[in-house]
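Visitor: Just to be clear, the model below is a prediction. Sequence and coordinates:
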Amino acid sequence: MLEVRHLTKRFGGLAAVNDVSLTLNKGEILGLIGPNGAGKTTFFNCVAGAMQPSEGQVLLEGRELTGKKAHDVCRAGIGRTYQIVKPFGKLSVRDNVLVGALNQTRNVADARRIADEALELTGLADQRNVLAASMPLPRRKRLEIARALATGPKILLLDEVMAGLNPSEVELAIDLIKTLRSRGIAILIIEHLMRVITSVSDRIVVMHHGEKLAEGAPSAVMNDPKVVEAYLGEGFVAQD
Amino acid sequence: MSTMSTPSPKESIARRLAPVLTLLLLASLMALPLVVTDTYSLHFIWKVLFWAAIAAAWNIAGGYAGLFSLGHAAFFGLGAYTSILLYMQAGVSPWIGMIVGSLVALCFSLAIGLLTLRLRGSFFALATIAFAEVLRIAVVNGRDVTGGSEGLSVSFAPGLVNMIFQDRASYVVLMAAVLFVIGATTLLIERSALGYSLAALREDEDAAEALGIDTIRVKLIAIAISAFLSAVTGTLYAFYILLIEPTTVLGIGFSVEIALIAIIGGMGTVLGPLLGAILIVPLSEYLRAEFAASLQGLYLLIYGTILIVMVVFLPNGLISAIRDPRSVLRRVRRRKSASSRPEEKADA
């Protein structure tokens, strides 16, 4: 469905992302992990059109998306969330999501209906009239998902939507992600919490220093000594 | 911690009443010429309506799209000059000249927009000043066509086709009608997909882009509508005053005053510009009459002081005092306690 070929992003002499390729299949949840500074978010930004890649290609269902602007990428069917949430603070929660729904329809009444569905699905329905700025972080993270969901995406890029949540909130978020998948949305997710990423992902891609280090089923990747060393530190290898 | 929960029912009623209130206010303003008949009062009402209209036109770009233009005199002036020149040189009716002038302003705004919309915040404001100044200087130097700094004056030839009327009441009704059109346009925008897109990009451009909003395109639409309506107001002004000069209709002072009225009234709201004009026009008129004789420029000093006080205590405009009077009281109280205990910071 989504195919990224040899994607490279350089900032001056530094390659934040270096020759990373991956494929996201229909209905799949693909985890993208790696230590801080591995280039995960930069990779996201290049796919979502927030940054232009230096080299490589992004294809959605065979259609070229490389170098397209963020709004065109969204229109094509890729929704995204931001690691640092960006709510429209002075708008109500419902209006926040309504803005996303306008990607599907120009009719405000229809958009409101789509927004309400997304709010229902993300468990924010009772918060719809609250100003986005006045919500606590966990809810703002969910709002971020609701908004992206309302754009009617085929693919969702979720950037650390669970950072800062407590265990029961994480449980809810995992359920939500699984629900989204059951609705036919393919998901590419960046996450730091190991337990989450292994339980939720069908496959995992590991990035390190901007390069793809490993790829495969969660259990296989987690036991790959290269990954353990890069991601968890040498100490873990020694202890095993 | 006080929680900001759902807006109180009172507030939502106020929101729903806003359009009704707008219509009532406008209707009463339009009905005024039936009651008021003396020339001075009519001129005064015209002035309030005029400032409300041009500030409301600015508001679509400045308030709704967050495009803080300080060069709206350019659009206004293009409308005024185009219609007057067409009338004087080719005998074209101002009604047609108004449309032509507005289209010229619209094209000019698109050209400016394409060049400057990538600039954010104060850089955009500076760029608009520059464009308006370039236009003003061009008009001053284009003596043969534009009459240079002396401007252009139209001879008084009443007639509906000429948009020149014997009685002032007609001018007042015409300006009220334009204000109504601008207000209705604003309301329609606010409730349309465009309005929601504008609200989103005003809050966070990157997030708006990520949700599929072509921010550049949306801003261009907003500034084009704003420029068009500003130019319409420009034509009406020209055929009422019957004299246009570059310093008054294209000057930076004019641009700033347009923005000021919208800010004082409440940016990004339908009623704001009208409220601003209702307050500012009588205020400046009164101060000028009261203090102009005693000391040159004193009235400007007082005027400026009042504006500063207003912006400090009502940063969201007069409209905020009507929508939520308690929050204004809170702000005043906080300022007071902050000034009595300077070691504490006032901002929440």
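Guide: Alright, I've got the coordinates.

Visitor: ok, the helix or strand encompassing A:G79: who's next to it in the sheet?
Guide: Per DSSP states H and E: A:G79 is located in strand A:78-80. Strand A:78-80 sits in its sheet next to strand A:155-159 (parallel), going by DSSP bridges.

Visitor: Can you give me the buried ones in the partner strand?
Guide: A:155-159 (16 or more other CB atoms under 10 Å in any protein chain shown). Glycine gets a C-beta too; all of them are placed from N, C-alpha and C.

Visitor: Just the closest of the residues you listed to B:V145, please.
Guide: A:L157 (56.4 Å; CB to CB).

Visitor: still on that earlier bit, return the member of the buried residues of strand A:155-159 nearest to chain B.
Guide: Distance ranking of these against chain B, using CB to the nearest CB, places A:L157 first at 9.5 Å.

Visitor: Report pLDDT for the closest one.
Guide: On pLDDT, A:L157 comes in at 96.

Visitor: quick one: contacts for it?
Guide: A:44, A:47-48, A:78-81, A:188-189 (CB atoms under 8 Å, 6 or more residues apart in numbering or on different chains).

Visitor: Looking at the buried residues of strand A:155-159, which one is closest to A:A16?
Guide: Using CB to CB, the buried residues of strand A:155-159 come closest to A:A16 at A:D159, 14.9 Å.

Visitor: Who are the packing partners of the next helix-or-strand element following the strand holding A:G79?
Guide: Next along the chain after strand A:78-80, taking DSSP H and E as the criterion, comes helix A:93-101. Counting contacts by 3 or more CB pairs under 8 Å, 6 or more residues apart in numbering or on different chains; DSSP states H and E, helix A:93-101 packs against helix A:108-121, helix A:137-150, helix B:193-203.

Visitor: Go again with 6 Å.
Guide: Here helix A:93-101 touches helix A:108-121, helix A:137-150, going by 3 or more CB pairs under 6 Å, 6 or more residues apart in numbering or on different chains; DSSP states H and E.

Visitor: relative orientation of that helix and helix A:108-121 in degrees?
Guide: Counting by axes from the mean of the first three to the mean of the last three CA atoms, to 10 degrees, helix A:93-101 lies at 110 degrees to helix A:108-121.

Visitor: can you count the residues close to B:T248?
Guide: Neighbourhood size, B:T248 [other CB atoms under 10 Å in any protein chain shown]: 16.

Visitor: what do you get for B:V104?
Guide: 19.

Visitor: who's in contact with it?
Guide: B:78, B:82 (CB atoms under 6 Å, 6 or more residues apart in numbering or on different chains).

Visitor: returning to what we had before: possible to save the buried residues of strand A:155-159 as CSV with distance to A:A133?
Guide: Listed next are the buried residues of strand A:155-159 as CSV, based on distance: CB to CB, whole Å:
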residue, distance to A:A133
A:I155, 29
A:L156, 24
A:L157, 24
A:L158, 22
A:D159, 21
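
Visitor: one step back: nearest to chain B, of the contacts of A:L157?
Guide: A:R80 (5.4 Å).

Visitor: Settle this for me: the closest one is touching B:G212, isn't it.
Guide: No. Applying CB atoms under 6 Å as the test, A:R80 and B:G212 come out as separate, 10.6 Å apart.

Visitor: count of residues packed around A:L14?
Guide: 10.

Visitor: Check the gap between it and A:A38 for me.
Guide: 13 Å (CB to CB, to the nearest Å).

Visitor: same question, B:G71
Guide: From B:G71 to A:A38 the distance is 46 Å (CB to CB).

Visitor: Those two: who's more crowded?
Guide: The neighbour comparison of B:G71 against A:A38 (other CB under 10 Å) goes to B:G71, with 30 against 24.

Visitor: Show me what the mean pLDDT comes to for the host helix or strand of B:L32.
Guide: Element membership for B:L32, per DSSP H and E: helix B:9-35. Mean pLDDT, helix B:9-35: 68.

Visitor: again with stretch B:137-152
Guide: Per-residue scores along stretch B:137-152 average to 92.

Visitor: For the strand holding A:G79, what is the distance to the chain centroid?
Guide: Averaging C-alpha coordinates over strand A:78-80 and over its chain gives two centres that are 8 Å apart (CA atoms, centre = their mean, to the nearest Å).

Visitor: quick one: buried residues of it?
Guide: By neighbour count on 16+ other CB under 10 Å, the buried set for strand A:78-80 is A:78-80.

Visitor: what's in contact with the helix or strand encompassing A:E171?
Guide: Taking DSSP H and E as the definition, A:E171 sits inside helix A:167-182. By CB under 6 Å, 6+ apart, the list of residues contacting helix A:167-182 from outside reads A:29, A:138, A:162, A:187, A:200.

Visitor: what's the answer for stretch B:124-135, then?
Guide: Outside stretch B:124-135, the residues that reach it (CB under 6 Å, 6+ apart) are B:68-71, B:73-74, B:112, B:116, B:119, B:255.

Visitor: and A:T8, what element?
Guide: Assigned by DSSP H and E, A:T8 falls within strand A:2-11.

Visitor: ditto for B:A52
Guide: Assigned by DSSP H and E, B:A52 belongs to helix B:39-59.

Visitor: And the very next helix or strand once past that helix, what does it pack against?
Guide: Where DSSP H and E defines the elements, the next helix or strand beyond helix B:39-59 is helix B:72-90. For helix B:72-90, the helices and strands in contact under the criterion 3+ CB pairs under 6 Å, 6+ apart are helix B:94-116, helix B:122-141, helix B:215-241, helix B:252-265.

Visitor: which of those helices is buried the deepest?
Guide: Each of the helices and strands packed on helix B:72-90 was scored by mean neighbour count; the highest is helix B:215-241, a mean of 24, by mean count of other CB atoms under 10 Å in any protein chain shown.

Visitor: wait, does it contact chain A?
Guide: No. Helix B:215-241 does not reach chain A (CB under 6 Å from any CB of the partner chain); its nearest approach is 7.3 Å.

Visitor: Could you find the residue nearest the spatial middle of the chain?
Guide: I'll assume chain A. A:L158 (1.7 Å; CA atoms, centre = their mean).

Visitor: Chain B, not that one
Guide: B:A55 (0.9 Å).

Visitor: interface residues of chain A facing chain B?
Guide: Within chain A, the residues that sit near chain B (CB under 6 Å from any CB) are A:70-71, A:74-75, A:80, A:86, A:88, A:91, A:99-100, A:102-103, A:106, A:108, A:129, A:131, A:134, A:151.

Visitor: Could you list the low-pLDDT ranges of the stretch 101-250 of chain B?
Guide: Applying pLDDT under 70 to the stretch 101-250 of chain B picks out no residues at all.

Visitor: could you redo the last one with a cut-off of 80?
Guide: Applying pLDDT under 80 to the stretch 101-250 of chain B picks out residues B:118, B:120-121.
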